[in-house]
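1. take a look and give me a structure for this.
(4 chains)
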2 protein chains.
Amino acid sequence: MPIHAVDSDRLYRKIARMLTDLIAAGEFVPGQRLPGERELARQLGVSRPSVREALIALEVEEKVEVRVGSGVFVSHPRALPATVLHQGEGPFELIRARWVVEGETAAIAAEESSAAECRDMRDAIEDLRRSQTPKESEEADRRLHVAIAAATRNGPLGELVQLLWDQGRGALWRQMEHHFSTPALWAETIEDHEAVVAAIEAGNAAQARKA
Amino acid sequence: MPIHAVDSDRLYRKIARMLTDLIAAGEFVPGQRLPGERELARQLGVSRPSVREALIALEVEEKVEVRVGSGVFVSHPRALPATVLHQGEGPFELIRARWVVEGETAAIAAEESSAAECRDMRDAIEDLRRSQTPKESEEADRRLHVAIAAATRNGPLGELVQLLWDQGRGALWRQMEHHFSTPALWAETIEDHEAVVAAIEAGNAAQARKA
DNA sequence: GGTGTCAAGTGGTCAGGCCAATTCAGTGCG
DNA sequence: CGCACTGAATTGGCCTGACCACTTGACACC
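-> Numbering: from 1, shown residues only, chains lettered A, B, ... in the order given. As a prediction, the model looks like this:
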């Protein structure tokens, strides 16, 4: 005789679920701005703090993006969960792991890639070079790596690269980025990326792995 | 890309980060109760709503558990999710992905492994050879791969191998296993595994990768 | 036409309050 | 003595109302 599943769910969860349903149903599309916190609170008959809590929950789940002074927007869906692996003893192990996987990925890509896929890589590099804000360059960088992974024609492998890419991004990582983001290093990074793409285009697997 | 001087991080993120750091540092152990919302707000010099938002963020990340009327408690860390990657076009892509990652893993293990870790691998192989039921051999096989990954001294890489190992296991996979599990093939598999371990023990990275 | 300015709108944060659930010490009963 | 009950203290859940900082876009100005 199970006690009636009372309404023990907290309010913010209900609101969050309703909003995710609305998004999933296409009521709000990615990139669209949804009603303001005050308006949502009014429509749902709840207080603004509750709406805020729901939005924060959705933000943590990367389902929406909150821009101060502007509004909250539906994020563009990202296939994989943001955080899965533990952080180990700092970001270095993660970097090493990425190095291993992406080296091999580049080698396979060199053998499998088509012209269209190489064009995607080139586009990403162009965007990377043109990027002005950290957000832009990060996005372009990610696109490059995903493009390379896509060229392997191996779904799981591509997702793996995305997964590793989206890991870190923690406090230590940000801090490191601060220290290491000098113009010279950035230029070098872009050079390296270009070398990889060039090797892939040439079909030189060994070279691609090394780069 | 210089400009991020300003401190645009929202308050709840700072609080959440501080709490996760405290938990990671062992200041709070799993199962332990944290100070109440009011107390936290007082100690941190912020308002209670901000603390609440931080706690909700942590709750969504499953780092803490909130029990009404009782308090908020540090969660017991959860295992890796069982299923993350999509299956692609059948198990073959997955196998290829594993092949890539584990080859490189074995190579690193060859350079890094200690005697104790080699002993773990040997034990796993022994169990594998002695195993009678499919369940036993699967378990031993998994232990072998995890032991190899552990020898890389790279936390994320080890978790990656486990993640890939625990993927498939779907209907197609089982069916394949049926077709391919002849005594001869099994013996060959064990031989291969032994060759890998032997190469790792010998510190021969190239040989380990190939095997 | 380009540019600086300002007001409206939006999220961020705070203070203080009341309610409901939980806990536990204290009490009364068997 | 042991057990169930009770009620106050504590804790999280939710609300109201307010003020601040930022973004944006219209509008006057050069």
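
2. count the neighbours of A:Ile200 for me.
-> 28 (other CB atoms under 10 Å in any protein chain shown). The C-beta positions use only the backbone N, C-alpha and C, and glycine is treated the same way.

3. what ranges does chain A have for its strands?
-> A:33-34, A:64-67, A:71-74 (DSSP state E).

4. and those strands as TSV, adding distance to B:Val161 and mean neighbour count?
-> Shown next, in TSV, are the strands of chain A (distance: least, CB to CB, whole Å; neighbours: other CB atoms under 10 Å in any protein chain shown):
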stretch	distance to B:Val161	mean neighbour count
strand A:33-34	41	16
strand A:64-67	33	16
strand A:71-74	35	18
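
5. compare those strands and report which one is nearest to chain B.
-> Evaluated over those, closeness to chain B peaks at strand A:64-67, with 8.1 Å, by CB to the nearest CB.

6. how about that closest one, does it reach DNA strand C?
-> Yes. Interface with DNA strand C: strand A:64-67 contributes A:Val66, A:Arg67 (CB under 7 Å from any atom of the strand).

7. and that strand, what's its mean pLDDT?
-> For strand A:64-67, the mean per-residue pLDDT is 93.

8. and stretch A:199-211, by the same measure?
-> 69.

9. next one: stretch A:37-49
-> Mean per-residue pLDDT for stretch A:37-49: 94.

10. would TSV of the strands of chain A with distance to A:Val197 be doable?
-> What follows is the strands of chain A, written out as TSV (distance: least, CB to CB, whole Å):
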stretch	distance to A:Val197
strand A:33-34	36
strand A:64-67	30
strand A:71-74	32
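
11. closest to B:Asp141 out of those strands?
-> Proximity to B:Asp141 (CB to CB) singles out strand A:64-67 among the strands of chain A, at 42.5 Å.

12. out of the strands of chain A, the one nearest B:Glu102 is which?
-> Among the strands of chain A, the nearest to B:Glu102 by CB to CB is strand A:64-67 (36.9 Å).

13. list, one by one, the residues from chain A near DNA strand C.
-> A:6, A:36-39, A:48-49, A:52, A:55, A:66-72.

14. rewinding a little: which of the strands of chain A sits closest to A:Glu93?
-> Relative to A:Glu93, the nearest member of the strands of chain A by CB to CB is strand A:64-67, separated by 29.3 Å.

15. ok, the closest one: who's next to it in the sheet?
-> Strand A:64-67 pairs in its sheet with strand A:71-74 (antiparallel), by DSSP bridges.

16. report the distance from the strand it pairs with to the chain centre.
-> 17 Å (CA atoms, centre = their mean, to the nearest Å).

17. one more: stretch A:28-47?
-> 25 Å.

18. wait, does that stretch contact DNA strand D?
-> Yes. Interface with DNA strand D: stretch A:28-47 contributes A:Val46, A:Ser47 (CB under 7 Å from any atom of the strand).

19. touching chain B at all, that stretch?
-> No. Using CB under 8 Å from any CB of the partner chain, we find that stretch A:28-47 stays clear of chain B, coming within 10.7 Å at best.

20. how about that stretch as CSV, C-alpha atoms only?
-> The C-alpha trace of stretch A:28-47 is given here as CSV (Å, rounded to 0.1, in the frame of the first residue of the first chain):
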residue,chain,number,x,y,z
PHE,A,28,10.7,27.1,-28.6
VAL,A,29,13.4,26.5,-31.1
PRO,A,30,17.2,26.8,-30.5
GLY,A,31,18.4,30.3,-30.5
GLN,A,32,15.0,31.7,-29.7
ARG,A,33,14.5,33.9,-26.7
LEU,A,34,11.9,32.8,-24.2
PRO,A,35,9.7,35.0,-22.1
GLY,A,36,11.4,37.0,-19.3
GLU,A,37,11.6,35.7,-15.8
ARG,A,38,8.8,38.1,-14.6
GLU,A,39,6.6,37.1,-17.5
LEU,A,40,7.1,33.4,-17.0
ALA,A,41,6.4,33.8,-13.3
ARG,A,42,3.2,35.6,-14.1
GLN,A,43,2.0,33.1,-16.7
LEU,A,44,2.8,30.1,-14.5
GLY,A,45,1.4,31.6,-11.3
VAL,A,46,4.7,31.3,-9.4
SER,A,47,7.2,33.6,-8.0
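
21. how about it: buried residues?
-> Neighbour-count burial for stretch A:28-47, counted by 16 or more other CB atoms under 10 Å in any protein chain shown, picks out A:Phe28, A:Leu34, A:Glu37, A:Leu40, A:Ala41, A:Leu44, A:Val46.

22. show me the one of the strands of chain A that comes nearest A:Ala187.
-> Here strand A:64-67 is closest among the strands of chain A (CB to CB), at 30.0 Å.

23. quick check, the residue in chain A closest to DNA strand C?
-> In chain A, the residue that lies nearest DNA strand C is A:Gly36 (3.1 Å; CB to the nearest atom of the strand).

24. wait, that residue touches A:Phe73, no?
-> No. Counting by CB atoms under 8 Å, A:Phe73 is not a contact partner of A:Gly36; they are 11.8 Å apart.

25. follow-up on the earlier one: so of the buried residues of stretch A:28-47, which two are at opposite extremes in space?
-> Checking those with CB to CB, the most distant pair is A:Phe28 and A:Val46, at 18.5 Å.

26. tally of neighbours for A:Arg10?
-> With other CB under 10 Å as criterion, A:Arg10 counts 17.

27. so the one residue sitting closest to the centre of chain A versus B:Arg129, what's the distance?
-> Nearest residue to the geometric centre of chain A (CA atoms, centre = their mean): A:Asp166, 5.3 Å. Per CB to CB, to the nearest Å, A:Asp166 is found 40 Å from B:Arg129.

28. max-length helix in chain A?
-> Identified as the longest helix of chain A according to DSSP state H is helix A:91-112.

29. let me see the mean pLDDT of that one.
-> Helix A:91-112 comes out at a mean pLDDT of 77.

30. chain center to it: distance?
-> With CA atoms, centre = their mean as the basis, the mean position of helix A:91-112 lies at 18 Å from the chain mean.

31. just the ones in helices from the residues of chain A next to DNA strand C, please.
-> Reading helices off the residues of chain A next to DNA strand C with DSSP H, I get A:Glu37, A:Arg38, A:Glu39, A:Arg48, A:Pro49, A:Arg52, A:Leu55.

32. A:Ala195: which of those residues is nearest?
-> Of all these, A:Leu55 has the smallest distance to A:Ala195: 43.0 Å, by CB to CB.
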